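> next one to model:
(chains A and B)
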Amino acid sequence: MIKIIDLVKSFNGQRVLDGINLEVPRGQITVVIGKSGVGKSVLLKHLVGLLKPDSGQVLVDGQDITRFSGRQLQELRKRFAVLFQGGALFDSLNVFGNIAFPLREKTRLSEAEIRRRVFERLDQMHLTPDVALKYPAELSGGMKKRVALARAMIQEPEIILYDEPVTGLDPPMTNTVFHLISKTHQDSGYTAMMVSHDIPEVFQVSDQVAMLHRGKIIAQGAPAEIQRHPDPVVQSFIRGEVDFLED
Amino acid sequence: MATFIHALGGRFLAVVQEAGAMMLFLLEGLALTFVPPYRPRRVLQELELIGVKSTLIILLTGAFTGMVLGLQGYYTLRKYGSESALGSAVALSLIREMGPVLTAIMVSARAGSAVTAEIGIMRITEQLDALDTMAVNPMQYVVMPKLIAGVIAVPLLTAIFDVVGILGGYLIGVVLLGVSSGAYFSGMVQSVVPLDINGGIVKSLVFGITILLVACYKGYYTEHGAEGVSRATNQTVVLSAILILAWDYVLTSFFM
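Purely as a prediction, here's the structure:
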């Protein structure tokens, strides 16, 4: 469904992505793991056209989106939803307004139908109806993530991109969010790419795992294969060994 | 010496480049006014934030400016036995210069800085990226309504400033210092011509666009977290004030 070919991206002369090759199969969750600051979010942003690569291709259903015009990108983005690291909820809108936003902007549904769908998503995320009137500043980290997930899911996208969906959450909330991601994936069957460094929890939800290190994918396979991978860098990362020599 | 000239040239080129980028930003923002979906509700929301919420500060500064002009004008004109010209002195000073300039500086300090901080925070918390990924153009949803609101609100606030300032001058000159009420208003009617009023309106329109352009641009291109937002907000207030005064000179020489 999504194929990344020889993707290269530099910032201020520093090569962050150095020839990435990766395939994201339809209907599966592909997780890219790697240390903080290694370029995982940069890779994710290329998939939805928020960043343009220096060279290389991003194929979505065979079409190279790096050559898309603004209008073509707008059309493409209707098929995507992105769950940003901090949630990226709109401060000026309450929870209801945030979740309803994509429907109000992109559909002609009646307010009654929008209301029904918003409360259905709140319920799906185990959030009580009274949360709908709260503003993002009044929510805990876990609630923000779940509201952001509800906003992503209400668009019924074909493809969801998750940028560090559980960063900053406590262990129970991490498991809750991963459970919700897993459940929504089972229900909807969307294609997903997730970037995360939450080991080993992330293995619960992934169909395929790839490890990004020094701008390249150094290991790729099913979660069990990655956990048994012979590369010492992969093993060191999975075991969470002390690393004073950050790149 | 060569290094100095090289650095100076580099700085000059950077300024020209940024000015060009701001012009393109303005043209894109204004052009999106005519592209569906039209967003009248967003424009009204921004009018409230930029215009309505600036009214109190404009009323206060307008009143005090008019009172100072009344006081200074009275004692200056009395030396020449021309106290009766106080109304025209206050009105011309306000309508031609002080109304548009002081209103613009106050709006820049109150609303311009708030707009930069708001958009800057939206940038660093990825809210602008979120709009993009939902196929909603952030320039159209966030920037365009603020530009339009600035064009509408600043001339109206300037008119309020002028009227309140004239009443402030009346309070000091007529009520406290004893200038004739008839002389105050008749002098004003005789000396203020349509060109003065038109000049004031044109100035306030240009200032309104300038303030909101600088505020939106600096916020939209904020980088480096909270420190970046702080720097962008600071730059908005300083750059707006300089541009307002520079535009004021250019437009005044044009209308004289």
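
> secondary structure of A:L127: a helix, I assume?
No - with DSSP: H, G, I helix; E, B strand; the rest coil as the criterion, A:L127 is located in coil rather than a helix.

> does B:S186 really touch B:S88, like I thought?
No - in this structure B:S186 lies outside contact range of B:S88 using CB atoms under 8 Å: 9.1 Å. To be clear about C-beta, it is placed using only N, CA and C from the backbone, and glycine gets the same treatment.

> of these two, who's got more company?
B:S88 (21 against 14; other CB atoms under 10 Å in any protein chain shown).

> what's the closest non-adjacent residue to the more buried one?
Closest residue to B:S88 apart from its sequence neighbours, by CB to CB, 6 or more residues apart in numbering or on different chains: B:S191 at 3.6 Å.

> A:R77: what's it in contact with?
A:R77 makes contacts with A:V48, A:G49, B:D132, B:T133, B:M134, B:A135, as judged by CB atoms under 8 Å, 6 or more residues apart in numbering or on different chains.

> gap between it and A:E156?
Applying CB to CB, to the nearest Å, the value for A:R77 to A:E156 is 14 Å.

> do B:L243 as well
Distance from B:L243 to A:E156, by CB to CB: 47 Å.

> quick one: which of the two has more around it?
B:L243 (18 against 11).

> the more buried one: which element?
helix B:225-255 (DSSP states H and E).

> and that helix, what other elements does it pack with?
Contact partners of helix B:225-255 among helices and strands, from 3 or more CB pairs under 8 Å, 6 or more residues apart in numbering or on different chains; DSSP states H and E: helix B:99-107, helix B:113-124, helix B:194-220.

> average pLDDT across the longest one?
The predicted model assigns helix B:194-220 a mean pLDDT of 94.

> okay, the angle between that helix and helix B:113-124?
30 degrees (axes from the mean of the first three to the mean of the last three CA atoms, to 10 degrees).

> and the residue in chain A that chain B sits nearest to, how many neighbours does it have?
Chain A approaches chain B most closely through A:A88 (3.9 Å), counting by CB to the nearest CB. Neighbour count for A:A88, taken as other CB under 10 Å: 23.

> just A:Q124 next, same as before
17.

> ok, it - contacts?
Shown in contact with A:Q124 (CB under 8 Å, 6+ apart): A:A150, A:M153, A:L180, A:T184.

> hang on, the earlier thing: I'd say the residue of chain A closest to chain B and B:D132 touch.
No - in this structure, A:A88 is not within contact of B:D132 by CB under 8 Å, at 10.4 Å.

> who's in contact with residue 131?
Unless you meant another one, I'm taking chain A. A:V95, A:L122, A:L139, A:M143, A:V147.

> right idea, wrong chain: chain B
Neighbours of B:L131 in contact, by CB under 8 Å, 6+ apart: B:N137, B:P138, B:Y141, B:V142.

> where does chain A have low pLDDT?
A:242-247 (pLDDT under 70).

> which residues of it lie near chain B?
A:45, A:48, A:50, A:74-75, A:77-78, A:80-82, A:84-86, A:88-91, A:101-102, A:105-106, A:155 (CB under 8 Å from any CB of the partner chain).

> list the buried residues in stretch A:147-157.
Buried positions in stretch A:147-157, judged by neighbour count with 16 or more other CB atoms under 10 Å in any protein chain shown: A:V147, A:A148, A:L149, A:A150, A:R151, A:A152, A:M153, A:I154, A:Q155, A:P157.

> other residues contacting the host helix or strand of A:R104?
Here A:R104 is covered by helix A:95-106, with elements defined by DSSP H and E. The contact list for helix A:95-106 (CB under 8 Å, 6+ apart) reads A:78, A:81, A:89-90, A:93, A:109, A:114-115, A:117-118, A:121-122, A:127, A:131-136, A:139, A:147, A:150-151, A:154-155, B:37, B:134-136.

> repeat the analysis, applying 7 Å as the threshold.
If you take CB atoms under 7 Å, 6 or more residues apart in numbering or on different chains as the criterion, helix A:95-106 is touched by A:78, A:89-90, A:93, A:109, A:114, A:117-118, A:121, A:131-134, A:147, A:150-151, A:154-155, B:134-136.

> and stretch B:80-94, by the same measure?
Contacts of stretch B:80-94 (CB under 7 Å, 6+ apart): B:66, B:69-70, B:73-74, B:77, B:162, B:165-166, B:169, B:173, B:179-180, B:183-185, B:187-188, B:190-192, B:196.

> quick check: buried residues in that stretch?
Buried, per 16+ other CB under 10 Å, within stretch B:80-94: B:E83, B:A85, B:L86, B:G87, B:S88, B:A89, B:V90, B:A91, B:L92, B:S93, B:L94.

> ok, so of these, who is nearest B:L8?
B:S93 (38.8 Å; CB to CB).

> so who does A:V118 touch?
A:V118 makes contact with A:F96, A:I99, A:A100, A:A132, A:I154, according to CB under 7 Å, 6+ apart.

> switch the cut-off to 10 Å
With contacts defined as CB atoms under 10 Å, 6 or more residues apart in numbering or on different chains, the neighbours of A:V118 are A:95-101, A:103, A:129, A:132, A:150-151, A:154.

> and the helix or strand containing B:T55, what other elements does it pack with?
Assigned by DSSP H and E, B:T55 belongs to helix B:55-78. In terms of contacts (3 or more CB pairs under 10 Å, 6 or more residues apart in numbering or on different chains; DSSP states H and E), helix B:55-78 is packed against helix B:86-92, helix B:99-107, helix B:144-170.

> near chain A, which residues of chain B?
B:37, B:45, B:49, B:118, B:121-122, B:124-137, B:141 (CB under 10 Å from any CB of the partner chain).

> I'd say the residue of chain A closest to chain B and B:P138 touch.
No - shown here, A:A88 and B:P138 do not form a contact pair, counting by CB atoms under 10 Å, at 11.7 Å.

> joint contacts of those two?
Joint contacts of A:A88 and B:P138 (CB under 10 Å, 6+ apart) are B:M122, B:Q127, B:L128, B:D129, B:A130, B:L131.

> remind me which helix or strand the fifth one belongs to.
With elements taken from DSSP H and E, the one containing B:A130 is helix B:127-133.

> pull the CA atoms of that helix into CSV?
The C-alpha coordinates for helix B:127-133 follow below in CSV (Å, rounded to 0.1, in the frame of the first residue of the first chain):
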residue,chain,number,x,y,z
GLN,B,127,-1.9,22.1,15.4
LEU,B,128,-1.1,23.7,12.1
ASP,B,129,0.2,20.4,10.8
ALA,B,130,-3.0,18.7,12.1
LEU,B,131,-5.1,21.1,10.0
ASP,B,132,-2.9,20.3,7.0
THR,B,133,-3.4,16.5,7.5
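
> ranges for the strands of chain A?
For chain A, the strands defined by DSSP state E cover A:2-11, A:14-24, A:29-33, A:55-60, A:63-64, A:80-83, A:159-163, A:191-196, A:208-213, A:216-221.

> and of these, who's closest to B:A149?
Across these, closest to B:A149 is strand A:80-83 (CB to CB), at 29.2 Å.

> neighbouring strands of that closest one in the sheet, and parallel or not?
strand A:159-163 (parallel) (DSSP bridges).

> tell me how far the strand it pairs with lies from the chain's centre.
In terms of CA atoms, centre = their mean, to the nearest Å, the gap separating the centre of strand A:159-163 from the centre of its chain is 3 Å.

> repeat that for stretch A:83-100.
16 Å.

> select only the buried ones of the residues of chain B next to chain A in PyMOL?
In PyMOL, a selection of the buried entries from the residues of chain B next to chain A looks like this (16+ other CB under 10 Å):
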select buried, chain B and resi 49+118+121+122+124+125+126+127+128+129+130+131+132+133+134+135+136+137+141
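
> what's in contact with stretch A:219-234?
A:21-23, A:30-35, A:199-200, A:202-214, A:218, A:235, A:237-238, A:241, A:243.
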